[in-house]
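Asks: output the structure for:
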Amino acid sequence: MKRIIVVGGGPGGYVAAIRAAQLGAEVHIVEVEAMGGTCLNVGCIPTKALLHTAELYSQLQHGKSIGLKADKVSIDWPALQSRKHAVVNKLVKGVESLLKANKVIIHRGSAVLKDIKTVEISGTEPKLITADAIILAVGSEPVQIPFPGADLTGVIDSTGALSLPKVPESMVIIGGGVIGVEFADLYSSLGCKVTVVELLPEVLPAVDVEIAGLLKQQLAKRGVSFMTGAKLTAVRHSVSGLTASITVDNKTVEIGAEYVLVAVGRKPRTAKIGLEELGVKMERGKVMVDKNFSTNIPGLYAIGDCNGQIMLAHAASAQGIAAAEHIMGHAAAYFANTIPSCIYTSPEVAGVGLTEEQVKQNEMEYKFGKFSLGGNGKSIIENGGIGLIKIIAGKKYGEILGVHMIGPRVTDMIAEAALAIRLEATVDELISTIHAHPTVSEAVGEAALAVEEMAIHWPPRVQRN
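Replies: The predicted model follows:
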């Protein structure tokens with residue numbers, strides 16, 4: 001029986017451990033904190049728990065437009081924090097139960113690689129464990145940028161932003177990526193005055209430009225201010241709490257706020273675990289791996305955020321399964337082009353495959369179709385029809401290259417697009433797939449029709465004679 005050690009109990013690590021156990025391995029998993037990693041404890045799940053309530057609160061503020069009278073609705077922040085903790089704790093216990101049900105041996109403590117087959121675990125009971133293979137799933141941590149005032153009280157990272165003592169009156173968010181934009185949506189929905197500062201020319205640089213622009217427009221309507229092409233230079237104490245100095249267009253602008261949230265991204269948590277001493281190939285903290293997630297050291301694998309390929313929980317899980325299967329002698333299947341990205345703002349954003357900008361950069365011949373959710377009955381009911389579905393396809397064969405969405409429920413709907421890319425489906429096959437009515441998802445079929453200039457519920461791009 002093969003023995004496998006998994007270092008890290010996040011969505012990559014615990015999934016890899018369970019899959020390896022299913023395949024007959026003796027599996028040990030090492031975790032210094034709570035099972036579930038960043039995503040479950042201080043990332044995806046608690047953020048979405050807060051966003052869910054914020055969205056409902058925002059809808060009730062405008063209840064008259066949908067026939068609701070909801071006077072004096074207010075946020076019970078302590079109760080919301082308690083619910084967040086309850087959701088997280090339930091899921092953490094669920095992960096632990098799954099590991100035990102699969103006879104995975106859990107070790108509490110921090111791990112250091114002593115050699116290519118041995119892990120030293122420090123904790124209440126220090127020990128050495130040897131294995132036939134080791135899977136590193138050590139995750140990532142917030143990037144910290146140096147600036148005067150970085151250590152002041154009130155300068156926080158994404159973890160701190162989840163557990164503030166109350167909803168602040170004002171906040172400056174440094175970073176207009178997914179994390180920054182989600183927190184901007186959260187706190188602005190709860191009545192906080194939010195300013196987002198982004199160094200690049202636009203927010204959400206990895207998202208389809210048109211989709212990102214629509215989300216920015218919607219957040220701006222709700223009072224979020226955006227400063228792009230702007231850089232934080234310093235933070236200092238002031239009467240209002242903190243003052244952030246921002247350089248934009250060669251000028252310095254000062255913004256007062258209770259909190260300054262630094263959300264400029266995450267980096268692999270790979271320091272001080274013995275990688276350099278073993279000669280593991282790395283680049284800027286990222287562990288380099290091959291298609292099977294094997295490092296240059298035989299028997300040592302790295303999955304999830306620590307290899308820096310794509311920092312998403314579901315990507316880590318898929319990589320964990322692939323690594324476990326490869327270790328156990330199976331042909332692993334991992335298709336990076338089918339990994340969807342989701343943003344849980346209101347409206348939601350989701351995408352999979354290539355963006356239109358990437359297709360152009362690769363000089364690929366393509367065609368595309370767009371369908372406004374203003375022509376979709378269910379979307380009009382849910383959010384007034386705000387949103388868009390865009391499908392990008394190969395010009396010659398019509399194969400689906402990318403699908404990008406903004407609107408209600410799109411983080412669930414994107415699975416259809418991921419499956420379409422995985423099966424190498426064409427626009428014609430999406431068109432001939434009958435979507436239920438009334439649903440938001442039928443807009444996917446309309447967007448496919450739009451690729452061929454055949455959309456039924458939206459005027460054609462070129463008026464017919």
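
Asks: mind listing the helices for the stretch 101-250 of the chain?
Replies: Along the stretch 101-250 of the chain, counting by DSSP state H, counting those that start in this stretch, helices occupy 158-161, 178-189, 209-221.

Asks: same check, this time on the stretch 301-450 of the chain
Replies: 313-327, 356-361, 377-383, 410-422, 427-431, 442-451.

Asks: the first one to helix 410-422, inter-axis angle?
Replies: Okay, so that is helix 313-327. Interaxial angle, helix 313-327 versus helix 410-422 (axes from the mean of the first three to the mean of the last three CA atoms, to 10 degrees): 40 degrees.

Asks: from the contact counts, what lies against helix 313-327?
Replies: Helices and strands touching helix 313-327, by 3 or more CB pairs under 8 Å, 6 or more residues apart in numbering; DSSP states H and E, are helix 13-22, strand 133-136, strand 300-302. Every residue, glycine included, has its C-beta placed from N, CA and C.

Asks: give the next helix or strand downstream of the first one.
Replies: Under the assignment DSSP states H and E, the closest C-terminal helix or strand after helix 13-22 is strand 26-31.

Asks: now the helices and strands packed on helix 313-327 as a markdown table including mean neighbour count and distance to K2?
Replies: Below are these laid out as a markdown table (neighbours: other CB atoms under 10 Å; distance: least, CB to CB, whole Å):
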| stretch | mean neighbour count | distance to K2 |
| --- | --- | --- |
| helix 13-22 | 26 | 8 |
| strand 133-136 | 28 | 7 |
| strand 300-302 | 27 | 13 |
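
Asks: low-confidence regions, this structure specifically.
Replies: Scanning the chain for pLDDT under 70 picks out the ranges 462-465.

Asks: span of stretch 341-360 from start to end?
Replies: 20 Å (CA to CA, to the nearest Å).

Asks: please state the offset of that stretch from the chain centre?
Replies: Remark: stretch 341-360 is offset 11 Å from the chain centroid, using CA atoms, centre = their mean, to the nearest Å.

Asks: next: stretch 218-230.
Replies: Distance of stretch 218-230 from the chain centroid (CA atoms, centre = their mean) equals 21 Å.

Asks: list the buried ones in it?
Replies: By neighbour count on 16 or more other CB atoms under 10 Å, the buried set for stretch 218-230 is Q218, L219, V224, F226, M227, A230.

Asks: could the helices of the stretch 301-450 of the chain go into JSON lines alongside mean neighbour count and distance to K367?
Replies: Below are the helices of the stretch 301-450 of the chain laid out as JSON lines (neighbours: other CB under 10 Å; distance: least, CB to CB, whole Å):
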{"stretch": "helix 313-327", "mean neighbour count": "25", "distance to K367": "28"}
{"stretch": "helix 356-361", "mean neighbour count": "14", "distance to K367": "10"}
{"stretch": "helix 377-383", "mean neighbour count": "18", "distance to K367": "24"}
{"stretch": "helix 410-422", "mean neighbour count": "20", "distance to K367": "15"}
{"stretch": "helix 427-431", "mean neighbour count": "19", "distance to K367": "8"}
{"stretch": "helix 442-451", "mean neighbour count": "25", "distance to K367": "6"}
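
Asks: measure the most centrally placed residue in the chain to K90 for me?
Replies: Centroid-nearest residue in the chain, with CA atoms, centre = their mean: L312, separated by 5.2 Å. As judged by CB to CB, to the nearest Å, L312 and K90 stand 22 Å apart.

Asks: which residues of the stretch 101-250 of the chain fall in strands?
Replies: Secondary structure of the stretch 101-250 of the chain by DSSP state E, counting those that start in this stretch: the strands cover 105-108, 110-115, 118-122, 127-130, 133-136, 140-142, 155-156, 170-174, 193-198, 225-228, 230-238, 241-248.

Asks: out of these, the one nearest P148 is which?
Replies: strand 230-238 (4.1 Å; CB to CB).

Asks: ok now the closest one, how far from the chain's centre?
Replies: From the chain centre to the centre of strand 230-238 is a distance of 27 Å (CA atoms, centre = their mean).

Asks: and the strands of the stretch 101-250 of the chain, which is most packed in?
Replies: strand 133-136 (a mean of 28; mean count of other CB atoms under 10 Å).

Asks: list of residues touching it?
Replies: With contact meaning CB atoms under 8 Å, 6 or more residues apart in numbering, strand 133-136 is reached by 2, 4-8, 13, 16, 20, 113, 116-117, 119, 270, 273, 287, 299-303, 306, 320, 323-324, 327.

Asks: how does it look with 7 Å?
Replies: 2, 4-8, 16, 119, 287, 299-303, 306, 323, 327 (CB atoms under 7 Å, 6 or more residues apart in numbering).

Asks: what's the answer for stretch 110-126, then?
Replies: With contacts defined as CB under 7 Å, 6+ apart, stretch 110-126 is touched by 5, 7, 30, 32, 107-109, 127-131, 134, 273-275, 278, 297, 299-300.

Asks: with adjacent residues omitted, what lies nearest to L23?
Replies: Distances taken as CB to CB, 6 or more residues apart in numbering place M328 nearest to L23, at 4.2 Å, with adjacent residues excluded.

Asks: surely the one you found is in contact with E26?
Replies: No: M328 lies out of contact with E26 (CB atoms under 7 Å); the separation is 11.6 Å.

Asks: related to what we said a few turns ago, will you turn the helices of the stretch 301-450 of the chain into a markdown table that also has distance to S58?
Replies: Output for the helices of the stretch 301-450 of the chain, formatted as a markdown table (distance: least, CB to CB, whole Å):
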| stretch | distance to S58 |
| --- | --- |
| helix 313-327 | 26 |
| helix 356-361 | 30 |
| helix 377-383 | 11 |
| helix 410-422 | 17 |
| helix 427-431 | 33 |
| helix 442-451 | 23 |
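
Asks: quick check: which element contains the closest residue to L40 other than its chain neighbours?
Replies: Computed as CB to CB, 6+ apart, the closest residue to L40 that is not its neighbour in sequence is L91, at 5.6 Å. Here L91, judged by DSSP H and E, is contained in helix 77-101.

Asks: same for that helix, what does it pack against?
Replies: Here helix 77-101 touches helix 13-22, helix 37-42, helix 44-61, going by 3 or more CB pairs under 7 Å, 6 or more residues apart in numbering; DSSP states H and E.

Asks: and those as a markdown table, adding distance to R266?
Replies: Compiled in a markdown table, the helices and strands packed on helix 77-101 are given as follows (distance: least, CB to CB, whole Å):
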| stretch | distance to R266 |
| --- | --- |
| helix 13-22 | 16 |
| helix 37-42 | 8 |
| helix 44-61 | 13 |
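
Asks: any idea which of those is most buried?
Replies: helix 13-22 (a mean of 26).

Asks: identify the residues contacting the closest residue in space to Y366 that isn't next to it in sequence.
Replies: Excluding the flanking residues, the one nearest Y366 by CB to CB, 6+ apart is V359, at 4.9 Å. Shown in contact with V359 (CB under 7 Å, 6+ apart): Y366, I392, L401.
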